[in-house]
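# I need the structure of the sequence given here:
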Amino acid sequence: MSSSASLPTAPSAEYAEIGQPRLSHWKNTFKSWPSLEKTPPEKSWITWFKCMSASKRVHWDEIGIGQALDLTIANSAKDEPLMAAASYFWSNTINAFLFNQGPMTPTLVDIIMITGLDVTSSANPMSLNTKNQYDFKTKSIGGWSGYVAAYMGLGSVTPREHVAFLLMWLEKFLFCGSSCGRTTNWQFVAEALEAKKQFPLGKILLGYLYQMLNNASTKLAVGSVVRAGGPWWLLQSWLNLVVMKFVNRPSVTEAEFPRLEPITDDDEDERTHRRCTSYGEYASTPTDTGAKLSAELLKDWFCNFYDGFQKDARVWFLYEDSTFLENPLDFRFEDINHDR
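Next comes the predicted model:
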């Protein structure tokens with residue numbers, strides 16, 4: 001199969017030179033995707049998450065990270081053609097996708113609805129103590145499974161263990177750095193969250209998404225390989241909502257999300273999934289429905305964004321069914337302009 005797709009001339013001068021998507025542009029770009037490795041329980045993120053959730057759930061919800069942490073167990077599959085095709089329509093000038101139906105972009109509202117993260121606190125990271133309180137070994141430790149084995153405790157959760165856990169979440173599952181491995185780049189944030197300091201994590205995440213797309217667009221404009229780590233999972237979640245009518249995605253009341261612990265129902269059947277409680281869960285891609293990058297699929301999605309969806313498949317407001325979902329707890333569209 002050819003590594004390029006025969007496509008129409010791009011509709012905007014800003015990306016006219018990148019109207020010929022090529023598979024070679026995307027080599028190793030999505031390798032930092034936050035997938036769950038198959039590991040023994042003593043080296044498993046799921047095992048660690050269960051232990052931490054039992055002890056720290058109230059803590060997480062108080063600082064607004066519980067909803068985002070829950071997304072880590074989705075093990076969402078990559079839809080590489082969807083993300084790659086959309087990236088060709090990104091405008092660095094206005095930080096938006098120039099789709100046929102009009103400019104569209106993820107906003108702080110999307111961050112709230114998908115992740116529930118704080119977007120209202122002060123955005124000054126210099127107000128935090130940036131000197132790390134704990135020392136963590138990140139090199140020659142045997143990957144993330146080795147990291148879990150090294151820092152997952154067996155008894156009561158200590159502040160040090162909690163910081164180690166949050167550090168892994170920030171690096172592997174939230175920001176998904178280009179190093180694709182363990183670093184302490186986000187340790188000052190992990191320690192701030194452990195101490196319940198207010199931190200606008202949602203604002204920072206949106207900024208990283210824009211930076212990732214700007215980097216990708218710049219690379220595509222000169223025909224070089226993107227190789228950009230970053231929160232591609234967030235872009236995919238947002239795009240899944242944008243195209244939900246086009247792909248005939250199940251409704252929010254019908255879609256399911258993995259349970260942390262399976263249960264047995266009244267008919268003695270094991271239930272491994274539950275109804276979704278947030279748009280982040282709803283937008284997660286089931287592990288059996290992802291798509292590897294191919295010239296045909298890349299071309300299909302590119303043409304869909306270029307030509308535009310049929311009017312009945314266009315989504316202008318992504319969260320019209322938010323009343324059916326419990327999260328986010330502290331932001332409800334139905335409360336806007338409501339007399340109190």
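
# Give me the contacts around the top helix by length along the chain.
In the chain, assigned by DSSP state H, the helix with the most residues is helix 201-221. With CB atoms under 8 Å, 6 or more residues apart in numbering as the contact definition, helix 201-221 has outside contacts at 15, 17-18, 25, 29, 64-65, 87-88, 90-92, 95, 106-108, 111-112, 115, 117-119, 123, 125, 174-175, 189, 193, 225-232, 234-235. In this view, the C-beta of every residue, glycine as well, is placed from N, C-alpha and C.

# Go ahead and build a ChimeraX selection from the buried members of the residues you listed.
A single ChimeraX command selects the buried members of those (16 or more other CB atoms under 10 Å):
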select :15,18,25,29,64,65,87,88,90,91,92,95,106,111,112,115,117,118,119,174,175,189,193,226,228,229,230,231,232,234,235
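
# Could you spell out the sheet neighbours of the top strand by length along the chain, each with its direction?
In the chain, assigned by DSSP state E, the strand with the most residues is strand 256-264. Here strand 256-264 is paired, per DSSP bridges, with strand 270-275 (antiparallel).

# Quick check: mean pLDDT of the helix or strand just after the partner strand?
Sequence-wise, the next helix or strand downstream of strand 270-275 (DSSP states H and E) is helix 279-283. Averaged across helix 279-283, the pLDDT comes to 97.

# where are the low-confidence patches of the stretch 101-250 of the chain?
Counting by pLDDT under 70, the ranges of the stretch 101-250 of the chain that qualify are 123-129, 180-181.

# Can you pull out the residues in contact with the longest strand of the chain?
Contacts for strand 256-264 (CB under 8 Å, 6+ apart): 46, 49-50, 53, 73-75, 270-277, 281-282, 284.

# cool, stretch 58-70 as well?
With contact meaning CB under 8 Å, 6+ apart, stretch 58-70 is reached by 49, 53, 57, 115-118, 169, 174, 193, 196, 198-199, 201, 278, 280-281, 327-330.

# Mind checking which of these land in helices?
Using DSSP H, 49, 53, 57, 115, 193, 201, 280-281 are the members of the contacts of stretch 58-70 that sit in helices.

# Give me the buried entries from those residues.
49, 115, 193, 201, 280-281.

# in those residues, which two residues are the furthest apart from each other?
The span of these, defined through CB to CB, is set by Leu193 and Glu281 at 21.2 Å.

# Chain neighbours aside, what residue packs nearest to Arg160?
Spatially, and ignoring its direct neighbours in sequence, Arg160 is nearest to Tyr134 (5.2 Å; CB to CB, 6 or more residues apart in numbering).

# Also Arg275?
Closest residue to Arg275 apart from its sequence neighbours, by CB to CB, 6+ apart: Glu256 at 6.4 Å.

# Tell me, what's the model's pLDDT at that neighbour?
Note for Glu256: predicted pLDDT of 94.

# separation between it and Tyr147?
Counting by CB to CB, to the nearest Å, the gap from Glu256 to Tyr147 is 30 Å.

# Give the rounded mean pLDDT of the helix or strand hosting Leu298.
Assigned by DSSP H and E, Leu298 falls within helix 295-307. The pLDDT scores in helix 295-307 average 95.

# Going by neighbour count, which residues of that helix are buried?
295, 297-299, 301-302, 304-306.

# Over to stretch 45-59?
45-46, 48-49, 51-52, 56, 59.

# Could you tell me the per-residue confidence at the residue of the chain positioned farthest from its centre?
No residue in the chain sits farther from the centre than Asp267, which is 35.5 Å out by CA atoms, centre = their mean. In this model, Asp267 is scored at 79, pLDDT.

# likewise the one 5 residues further on?
Reading off the confidence values, Thr272 has pLDDT 92.

# Chain neighbours aside, what residue packs nearest to it?
Closest residue in space to Thr272, ignoring its immediate chain neighbours: Pro262 at 4.8 Å, by CB to CB, 6+ apart.

# which stretches of the stretch 51-200 of the chain form helices?
66-70, 80-87, 108-115, 143-151, 159-168, 187-194 (DSSP state H, counting those that start in this stretch).

# Tell me which other helices or strands the third one touches.
Secondary structure elements in contact with helix 108-115, counted by 3 or more CB pairs under 8 Å, 6 or more residues apart in numbering; DSSP states H and E, are helix 201-221, helix 232-242, helix 279-283.

# Return the distance of the longest one from the chain's centre.
This points to helix 201-221. 13 Å (CA atoms, centre = their mean, to the nearest Å).

# Let me know the angle separating it from helix 108-115.
Orientation of helix 201-221 against helix 108-115 (axes from the mean of the first three to the mean of the last three CA atoms, to 10 degrees) gives an angle of 110 degrees.

# That'll do, ta.
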